[in-house]
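> Here is my input, please return the structure:
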Amino acid sequence: MKQDHETADARPIRRGRPRSTQTQEAILGCAYRLMAEEGLAATTIDAVARASGVSKMTIYKWWPSREVLFIDAFLHEAESMLPFPEGDDAVIRIGRHASAYAAALNGAFGKVQLAVIAECIARTGSAHLFADRYLAARREVAVKIIKAGQKDGSVTAGEPAGDLYDRIYGTLFYQDTFGFRAVTADSARKLVKAVLTGA
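Numbers count the residues shown, from 1 in each chain. Predicted structure coming up:
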């Protein structure tokens, strides 16, 4: 009995996530929903505070400006909506991610992305925030996948992995933003295959 009691006492106690993490996720989730449903103009710090039940002081503790909050809210949504798939070869993994990205561009996600970029570039001149806090991290992951594909032979294109990534996602963004071509999951997969394998 004593041994059983000691074993039970020695078991680690499972605790929930720290309140700060839950609070940050609530703020990011509310900020994204407001951007998607009401637009950026309506997504003020006051509005986010009311929607999330968090004080403005707490929000400013983690995000020094609306632009940074916008970007992090968008990044938070992108990470949950568009994770890079595991397994399979690089062409399949990038193809799946690019097709999911293309599909997302046709919904609220695409509208929010364009609005956040416009806010960062046109109004505040802070495009580097979007690049540093959103693009750089996701680009780094994809470049590693492409490099691994070049190493194992699934990616036959010999250009630098970063250039290949930019050709794929830059093309999707350009086509969608300016409406030169309908961006679909199927067209995204074909683009990935063409860029990475020449097929």
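> give me the number of residues near residue 162?
By other CB atoms under 10 Å, 14 other residues sit near residue 162. Placement of C-beta: from N, CA and C, glycine included.
> likewise the one 3 residues further on?
The criterion is other CB under 10 Å. On that basis, residue 165 has 22 neighbouring residues.
> and what of residue 173?
So residue 173, with other CB under 10 Å, has 18 neighbours.
> Can you name the residues that contact it?
Counting by CB atoms under 8 Å, 6 or more residues apart in numbering, residue 173 makes contact with nothing.
> next one: residue 138
residue 78.
> Tell me the buried residues in whichever strand or helix holds it?
Assigned by DSSP states H and E, residue 138 belongs to helix 136-152. With burial defined by 16 or more other CB atoms under 10 Å, the residues of helix 136-152 counted as buried are 138-139, 142-143, 145-147, 149-150.
> where in this structure is pLDDT low?
Scanning the chain for pLDDT under 70 picks out the ranges 1-19, 123-125.
> longest helix in it, by residue count?
In the chain, taking DSSP state H as the definition, the longest helix is helix 19-38.
> Give the buried residues for the helix or strand following that one.
Remark: after helix 19-38, the chain's next helix or strand is helix 45-52, criterion DSSP H and E. Neighbour-count burial for helix 45-52 flags 45, 48-49, 51-52 (criterion: 16+ other CB under 10 Å).
> and if you look at stretch 122-140?
126, 129-130, 133-134, 138-139.
> check contacts around the residue nearest to residue 119 when sequence neighbours are not counted.
Excluding its sequence neighbours, the residue lying closest to residue 119 (CB to CB, 6 or more residues apart in numbering) is residue 40, at 5.6 Å. Neighbouring residues of residue 40 by CB under 8 Å, 6+ apart: 70, 115-116, 119.
> for residue 89, same thing?
Contacts of residue 89 by CB under 8 Å, 6+ apart are 149, 152, 154.
> Tell me which two of the contacts of residue 40 sit farthest apart.
Farthest-apart pair in these is 70 and 115; separation 8.2 Å (CB to CB).
> These two - which one has more neighbours?
residue 70 (27 against 18).
> Show the backbone phi and psi for the residue nearest the centre of the chain.
For the chain, residue 78 is the residue whose C-alpha lies nearest the centre (CA atoms, centre = their mean; 2.8 Å). Phi and psi for residue 78, reported as degrees, to the nearest 10, are phi -60, psi -40.
> I'd assumed residue 133 was in contact with it.
No. In this structure, residue 78 is not within contact of residue 133 by CB atoms under 8 Å, at 11.0 Å.
> Kindly reformat the buried residues of stretch 122-140 as CSV containing secondary structure.
As requested, these are exported to CSV (DSSP: H, G, I helix; E, B strand; the rest coil):
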residue, secondary structure
126, coil
129, helix
130, helix
133, helix
134, helix
138, helix
139, helix
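> Just the closest of those to residue 88, please.
Among those, and counting by CB to CB, the member closest to residue 88 is residue 138, at 18.6 Å.
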